[in-house]
Each structure stands twice: as structure tokens, then as C-alpha cells.
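Colleague: From the sequence below, what's the structure:
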Amino acid sequence: MSFLDTPFAIAAELGEWLVKGILSTAALITGEQAAPGIISAGLLFLLAILSVWHVLATRNFCRAANWLADILKPASDDLGGERITSLRLFDITKRIRASQRGIHYKRLQTAWEEFRETTIDPDDDHTQLRNTERPSVFFAREELGLERGIWRQIPALFVSVGLFLTFLGLVAALDQTSEILRTSGAAASDGLRTLLNVASAKFIMSLTGLLCSILFTLVLRWRANATNRVLHDLCAELEGGCQYVSEQWLGHERLTQAKEQTAHLQTLSTELVAQFARPLREELPKAIRESIGEAITPAMERVAQSTGQGIESLAGNVSGQLAGGVRDAVTEMNEAVGQVASQLQGVAQRLDDSSSEMGGQVGAAVEALSSQINTLGAAMAASSETATQTLNDGSEALIEQMNEALQAIRAETTAGAQGIDQASARMADAIGNAASTTQQNLLQPMNVLLEQVQTLTSQVEAAAERFGQYTEALQGGIGVARSASEELGQSAQHLAAAASPVRGAADRIESATRSMTQNVNTTASTMLNSARETSRQTEAVLRETRNAITASQTAATESLDSLHAAVKEFQRVLENYDKIDGQLGDAFQSIEGSVRANIEEISNFNRKLNDEFGRALRQLETVIAQAEPFEPRQET
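Modeller: As a prediction, this is how the structure comes out:
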């Protein structure tokens, strides 16, 4: 015997022992005639026990479910009806949590807590409880443990036991058949009879197992219908007390809120743009104007003050210089004219004295010679009277012309002084007006002043020409005096030829006439020199006036240059303001672009949100269309 033969021998012995055990068990079932009946009775008794147990268990569950339904039902004095409000919810939760009587109560309590996790508490005492999940999800048979255990497998177990007993009887019958086949005769008939008894016994047990399975299945369906009915009532009570928040309702609420949010955002955007635009459109330009005005006003005041002071000082200096120069020139001219007048008066006095003396001497000579030469005396007297009259007329005409010349000089001087004063006043007015006007208004009075000065110059030149005419008149008077002197000389020669005594008087008359001629020449030359000096002084005054006017023009030009510089500075400030305005325009455009971009982003977000809501709603409609409504199935 080898080493490997021992395990096989042990296994063979075990197999024989197992076969003998199975055959012995089968012999017990089929050996006695009452064995199948006893087994069938046992199966029926087990069926009765299991049925009673299951009925009691489901009855306890139905009692617990009815208890919860009674809690959820409103009281008779409840004004809220079937709705579960805040006050009722607190009372319901308190009563449910106080129950600790059994497993079914605990399971219902757990299901209620899980259901409460998916609800939305009421906002106030009169608002209904909202649920986001159906109560059937939590109060289902599987969640409450009704499908747990072996209750569903018991009918199959009855069928399995019947089949087991059937096959066990078949094994016993086959074993007995093999024994019968080894015998013959009457033993064979007994064996066949035994085989038939075994077959009938095994079918009785199988039939009993099937019957128990059918009966217990009916019990299960009956109790399942009872529990389903109780659960349906419980879920219906919860459905009536709560407001179901479906996905469609949520989508509608979100859509409504999105519309309200869109309107609010549009209003907010409009108000935001208005709030941004109002200070930029009203306050910012005003602030810019005020800041520019505050910055420019001191500069303009300083420029105006400095320009006004410069122009006032310039006008004062120019007017002072012009007035002083004109006063000095007029004073000097008046002094010169006064000197000329005094000299002319002295000459006239001397002419009167000389004529008186000459008349006396001629009278004496005539009286001395009257007795000797009457005809010659008469002629000489007539000639002497004619010469005297001619000399007197020439002197008077000369004096009158000189007086007229002096009056004309005074009138011209007065007119020139008035013209210069008027020109100075006009120049001061023009310079004062030029401080607040343009260059053209400033230069125009200067041109007028120059024209007036030129007019004054022409008037002075005309006065000088009149002085020349007066000088020519004086020279004419001198010529008349010379002719008179020559006539007197001829008369003296005639008198000398006639009488020698008269020669001395004639010589004296000739010398007096010569001295008078020299005096007249001296006076005329003095007047001519005075006129020339007056003309030179007038020209000097005019030159000084012209220089003063040129200096005033230069100062005015400098003032205009400074004014141009101030205008350029102001233009530069205006250009900076234009730049600031352009930058503000760019800032406005940038702000407007950003606001538009934000509005577009908000619009795009709203469109996307609406699209997502629409897509979600369509999906929800599809799901709802495909889903079946909650209807508890009646198990049969």
C-alpha cells in the first residue's frame, strides 16, 4: 500500500458513510406510511406560525404609520386647515421625537428627520412648509425596513423544502428498486408496491410545500397591500400639509428673480451712469472753470494792474513831458514876443521923439528962413510935411502890422497850446482805452496825435511864414524910410544949394534919419532873429514832442508786446484747457465704453443665464414627461 492510497481510502470511507446517512434519512421518510403526513403537517404548522408572525409585525407598522398620520392631521380648531405652518411644525416635531415605543416608530422618526432635511422652514407663522422631495422617497417600504428579513424568501423556502423532500424520496425509491431487482417472484411484487408508496409520499410532501408557498405568498400580498395603503395615506397627508417645490417652480422663481435682477441691474446701471455722468457733465466743467478762473484771475489782474500802471505812468510821463515842454516853449515864446513888443514900443517911441525933434527943428528952420525964402520955405514945408506924414504913416502901419503879428502869434500859440492840451487829453484817453482794447484802438489815437502834431507843426510853420511876411513888411517900411531919407537928402541938397544955413539942419535931419534907419534896421533884424529863434524853439519843442510821442509809441509798443505775451500766455492756458477738455472727452468716452462693456457683459450674463434656465427647463420638462407620477401600486 503506497503513501497516496491512504487519503483515497479515507475519502472512500467518508463517501460510503455519507451515502449510508442519506439512505438512512430517506428510509426514515419512506420507511413508515405516516412519515409523509407528519412532514406535511409540520410544514402547515410552520406556515401558520410564520403567517401569524408576519401579520402581527405588519399590524404594528400600520399602527405606527397611523399614529404618524394622526399627528400630521390638523386639529379641529386649527385655522390653517391642512397646511403645516410654523406652529404646527414645532408641535409635530416635538410629538414625533417624544415617541420611543418600538422599532417601527424609530424608523418613522428617522424618515421624518430625513424628510425635514429637504424642507424649507416657513418664513412666518402663516406660511406653509415647503418640501423639495416627495414624501414617498423617504416613507417607502425599503426605507422603512418592510422589505428586510426573509419574509420575501419564505415561499421559495417552502418550495425548496418540498423539492428537497421529493428528491430525498426519489433516492430512497431508487435504492429500494435496486434491492427489488436483486430478488424475484413475490419479493419483486412487494418491492414495486413499496416503490409506488415512496413515489406517492414524495409527491405529497412536494404538494404540501407548494401549498405552503402559495398560502404565505397570499399572506405577504395581503399585508403588503395593508402597509401600502397606510403609507399612501401618510404620504397623502404630508403632500396636503406641505407645498411641493418642484424644479419647474424653482425654475419659474429663478426666472422671475432673474427678470427682477435684470430690471434692477438696468436701473442700477442707468443710475450709476447718471451718477457718473452728472458730476462729469456738470460739476467737473464747473470745477475746471472755477479752477482755471481762480488760476487765471490773479494773473490777469496782475497783468491788467501792471499794464494799467505802466500805461498810466507812461501817459503821465508823456503828458507831463508834453505839457512841460509846451509850457516852456509857450513861456519862452511869450517872453520873446514880449521882448519884441517892448522893443517895438521903444522903437515907436524913439520914432515919435525923432519925428517931434525933427518937426521942431524943421519948424525952427522954416521960421528962420520964412522971411528970406517964402516959396522955398513953403515948398520945403510941404516937402517936410509930406515926408513927416509918410514917415508917420509907415511907422503906424508898421506898428499895426507888428501888433497884428503879435496877436496872430499869441492866437496861434494859444491855439497850439490848446491843441497840444487837447491832443494830450486825447492821447491820455486813448492810452487809457488802449489798456483794455486791442492794438488797433491803441495806435489810432497815436496816429491822431501825430496828425495833430503835424497840424501844429504846419501852423507853426505858417506862423513862421507870417513872421517872414511881417519881416518883409518891415523891410518895405525900411525901404520907404530910405526913400524918404533920399528925398530928404535931395531936399537937403536943394536947401543946401538954396541956403547954407539950412544945411546944418538938413545934415542933422539926415543923421537923425540915418540913425532912425539904423534903429529900424536893428529892430527889424532883432524881430527877424526873434522870429527865427521862436521858429527854432518851436521846432525844438516839436522835435521834443515828436520824441516824446515816439517814446510813448515805444512804451505803447512795449506795453503791446507785454500784452501780446499775456495774450499768448492766455492762449497757451486756453490750449491747455483744450487739452484738458480733450482728455476729459477721452475720459468720458473711456467711462462710457467701460459702462457699455459692463452693460454688455451684464446683458450677456443675463442671456446666458436665461439660456441656461431655458435649457434646464426643457430638460426638466423632458424628465417630467418621461417620469411617472407618484401612484402607489396595488400589489396583488
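Colleague: So in the protein, where's the weakest helix or strand by average pLDDT?
Modeller: Within the chain, no helix or strand scores below helix 374-434, which has a mean of 51 by mean pLDDT, DSSP states H and E.
Colleague: The helix or strand containing Gln275 - what's its average pLDDT?
Modeller: Using DSSP states H and E, Gln275 falls within helix 247-278. On average, the pLDDT along helix 247-278 is 81.
Colleague: got it, and stretch 589-602?
Modeller: Here the average pLDDT along stretch 589-602 is 70.
Colleague: For the nearest residue to Glu133 once chain neighbours are set aside, give me its contacts.
Modeller: Spatially, and ignoring its direct neighbours in sequence, Glu133 is nearest to Thr118 (4.3 Å; C-beta to C-beta, 6 or more residues apart in numbering). Where you see a C-beta, it was placed from the backbone N, CA and C, and this is true even at glycine. By C-beta atoms under 8 Å, 6 or more residues apart in numbering, the contact list for Thr118 reads Asn131, Thr132, Glu133.
Colleague: which among those gets closest to Thr262?
Modeller: Thr132 (25.7 Å; C-beta to C-beta).
Colleague: That closest one: neighbouring residues, count only.
Modeller: Counted with other C-beta atoms under 10 Å, the neighbours of Thr132 add up to 15.
Colleague: picking that back up, gap between the residue nearest to Glu133 and Phe276?
Modeller: According to C-beta to C-beta, to the nearest Å, Thr118 stands 46 Å off from Phe276.
Colleague: same question, Gly251
Modeller: Distance of Gly251 to Phe276, given as C-beta to C-beta: 36 Å.
Colleague: And for Arg572?
Modeller: Applying C-beta to C-beta to Arg572 and Phe276 gives a distance of 31 Å.
Colleague: out of the two, which sits in the busier spot?
Modeller: Ranked by neighbour count (other C-beta under 10 Å), Arg572 and Phe276 place Phe276 first, with 15 against 10.
Colleague: Phi, psi for Ala140 please.
Modeller: phi -100, psi 160 (degrees, to the nearest 10).
Colleague: residues in contact with it?
Modeller: Leu231.
Colleague: and with 10 Å instead?
Modeller: Residues counted as contacts of Ala140 (C-beta atoms under 10 Å, 6 or more residues apart in numbering) are Ala111, Arg134, Leu146, Glu147, Leu231, Cys235, Pro632.
Colleague: Report pLDDT for it.
Modeller: 78.
Colleague: ditto for the one 10 residues further on
Modeller: According to the predicted model, the pLDDT of Ile150 comes to 77.
Colleague: Tell me the spacing between it and Gly169.
Modeller: Distance from Ile150 to Gly169, by C-beta to C-beta: 26 Å.
Colleague: Those two: which is more packed in?
Modeller: For Ile150 versus Gly169, neighbours defined as other C-beta under 10 Å are more numerous around Gly169 (25 against 9).
Colleague: Just the element for the more buried one, please.
Modeller: Short version, using DSSP H and E: Gly169 is in helix 154-182.
Colleague: For that helix, the averaged confidence score.
Modeller: 75.
Colleague: Now do Leu46, the pLDDT please.
Modeller: 91.
Colleague: That one: what's it in contact with?
Modeller: Ile154, Leu157, Phe158, Val161, Cys212, Phe216.
Colleague: Which of the residues you listed has the largest number of neighbours?
Modeller: So for the contacts of Leu46 (other C-beta under 10 Å), the most neighbours sit at Cys212, 26 neighbours.
Colleague: so Arg148 sits right up against Glu142, yeah?
Modeller: Yes - counting by C-beta atoms under 10 Å, Glu142 is a contact partner of Arg148 at 8.3 Å.
Colleague: Three-state assignment for Ile84, please.
Modeller: Recorded secondary structure, Ile84: coil (DSSP: H, G, I helix; E, B strand; the rest coil).
Colleague: mind listing what it touches?
Modeller: Here Ile84 is in contact with 72, 74, 91-92, 119, 122, 128-131, 237-238, 240-243 (C-beta under 10 Å, 6+ apart).
Colleague: List only buried entries from the contacts of Ala140.
Modeller: Buried members of the contacts of Ala140, counted by 16 or more other C-beta atoms under 10 Å: Ala111, Arg134, Leu146, Leu231, Cys235, Pro632.
Colleague: which of those residues lies closest to Glu290?
Modeller: Taking those together and measuring to Glu290 by C-beta to C-beta, the closest member is Arg134, at 70.3 Å.
Colleague: Now do the same for the nearest residue to His104 once chain neighbours are set aside: helix, strand or coil?
Modeller: With sequence-adjacent residues excluded and distances taken as C-beta to C-beta, 6+ apart, His104 is closest to Ala64, at 3.9 Å. Here Ala64 is recorded as helix under three-state DSSP.
Colleague: and Ala64, what pLDDT?
Modeller: 82.
Colleague: do Asn606 as well
Modeller: 67.
Colleague: what's the answer for Asp190, then?
Modeller: With respect to pLDDT, Asp190 has a value of 65.
Colleague: Any regions of the stretch 401-550 of the chain where pLDDT drops low?
Modeller: By pLDDT under 70, the low-scoring segments of the stretch 401-550 of the chain are 401-535, 537-542, 544-546, 548-549.
Colleague: ok, back up a step: out of the buried ones among the contacts of Ala140, give me the two with the largest separation.
Modeller: Arg134 and Leu146 (18.0 Å).
Colleague: which ones are touching the closest residue to Phe61 other than its chain neighbours?
Modeller: Excluding the flanking residues, the one nearest Phe61 by C-beta to C-beta, 6+ apart is His104, at 4.7 Å. Applying C-beta under 10 Å, 6+ apart to His104 gives the contacts 57-58, 60-65, 67-68, 144-146.
Colleague: Mark which of these are buried, thanks.
Modeller: Buried, going by 16+ other C-beta under 10 Å: Ala57, Thr58, Phe61, Cys62, Ala64, Ala65, Trp67, Leu68, Leu144, Leu146, out of the contacts of His104.
Colleague: Might you report the residue contacts of the last one?
Modeller: By C-beta under 10 Å, 6+ apart, the residues touching Leu146 are Ala57, Thr58, Phe61, His104, Arg107, Ala140, Arg223, Ala224, Thr227, Asn228, Leu231.
Colleague: now do 8 Å
Modeller: Contacts of Leu146 by C-beta under 8 Å, 6+ apart are Thr58, Phe61, Ala224, Thr227.
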